[in-house]
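[1] below is the sequence, then the predicted model.
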Amino acid sequence: MISRNLKLLIALIVVGTIAGYVLLVVIPTQLAERTYQAAQTLGEDFRKAFQFTPEVVIDKTVVLNQQTDVFELAVLTQNFEHRYTWTHSWMGSTKKIAISGSFDAKVGFDLHEKFSITVTDNKAIVTLAEPQVLSVESKGDIQYRDENGIWNWVDLDDRTLATNNFINDARTYADQASFRLEAKKKMEERLKDFFKTHGKEVDVHYVTSINGEIR
C-alpha cells in the first residue's frame with residue numbers, strides 16, 4: 001500500500017509538472033500569439049493610414065516584413081514660384097532669356113528604403129530614411145522674356161535649352177529649401193496621432209540609407 005508521504009510526493013510532482021508546462025509552454029505560446037496578433041493589427045492599421053506596411057519588430061524579432069504596393073509616400077506638396085536667367089555670349093554679344101513660372105514639389109519618403117517600427121510596452125520607435133524631394137513639376141505657366149544681343153539672337157533651340165536649365169534649377173532650389181524639414185514635421189505629427197490611438201508614445205529616428213542599407 002502506497003504510503004501517505006509517497007502519495008503526497010507524487011501529487012507534488014504532478015502539480016509541479018503541470019505548473020512547469022503552463023509556465024514554460026502554455027503562457028509563452030499565448031503571449032507569442034497575442035504579440036503576433038497585436039503586430040498584425042498594428043500593421044493593418046498602419047497600412048490603412050499610410051498605404052503600406054512597415055517592418056514591425058517586437059522583442060528583437062521581426063514579426064512583420066515591410067510590404068508596399070507603392071514606392072513613394074508623399075507627405076507634403078509645396079507650391080513655389082521660380083525665376084531663372086539663361087545667357088549666352090558670342091563674340092562680345094550676349095543674349096538672354098528670363099524665365100519665370102510656378103512648380104509643385106512633392107516631398108516625402110522613398111519606400112524602397114527601410115521603414116521599421118520597434119514596439120515596446122508603451123513606446124514605438126520608428127526608424128526611417130531622411131525625407132527627400134520626390135518630384136518637381138511645372139504648373140504650365142512658364143513665361144519668357146527674350147533679350148537679343150547685337151548679332152547674337154535668341155532662337156528656338158535657345159528656348160529649349162533655357163527651359164531645361166530652368167527646370168533643373170527649380171529642382172535644385174527645391175532640394176535646398178526647407179521643404180524636407182516641413183515634411184519631417186508633418187510625418188511626425190501623423191505618426192504621433194496614429195500611435196496615440198494604440199496607446200503608445202513615438203520616437204522617430206532618421207538614418208542615412210545607401211542602397212537599402214542603414215548607415
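    Great, that's in hand. In this text the structure is predicted, and so the values were computed from the model without any measurement.
[2] need the nearest residue in space to residue 153, chain neighbours excluded.
    residue 95 (6.3 Å; C-beta to C-beta, 6 or more residues apart in numbering). C-beta here means a position set from N, CA and C on the backbone, and glycine is covered the same way.
[3] which other helices and strands contact the helix or strand containing the one you found?
    According to DSSP states H and E, residue 95 maps onto strand 93-110. On a contact count with 3 or more C-beta pairs under 8 Å, 6 or more residues apart in numbering; DSSP states H and E, strand 93-110 meets strand 72-90, strand 123-129, strand 132-138, strand 143-147, helix 156-176, helix 179-196.
[4] before we move on, back to that, so who does the residue nearest to residue 153 touch?
    87-89, 146-149, 152-154, 158 (C-beta atoms under 8 Å, 6 or more residues apart in numbering).
[5] for residue 123, same thing?
    200-203.
[6] filter those residues down to the buried ones.
    With burial judged by 16 or more other C-beta atoms under 10 Å, the buried subset of these is 200, 202.
[7] before we move on, the earlier item: next helix or strand past the strand holding residue 95?
    As assigned by DSSP H and E, the chain's next helix or strand after strand 93-110 is strand 115-119.
[8] contacts for that next one, please.
    Contacts with strand 115-119, where a contact means C-beta under 8 Å, 6+ apart, come from 38-39, 42, 46, 52, 54-58, 66, 109, 124-129, 200.
[9] any of those residues buried? List them.
    Looks like these have 39, 42, 46, 52, 54-58, 66, 109, 124-129, 200 buried, using 16+ other C-beta under 10 Å.
[10] just want the most central residue of this structure.
    residue 109 (3.8 Å; C-alpha atoms, centre = their mean).
[11] contacts only, for that one.
    72-73, 75, 115, 128-129, 131-132, 187.
[12] ok, those residues vs residue 174, which is closest?
    Closest to residue 174 out of these is residue 132 (10.1 Å), distances taken as C-beta to C-beta.
[13] list the contacts of the closest one.
    107-110, 180.
[14] identify the farthest-apart pair in these.
    Most distant of those, by C-beta to C-beta, are 110 and 180, 12.3 Å apart.
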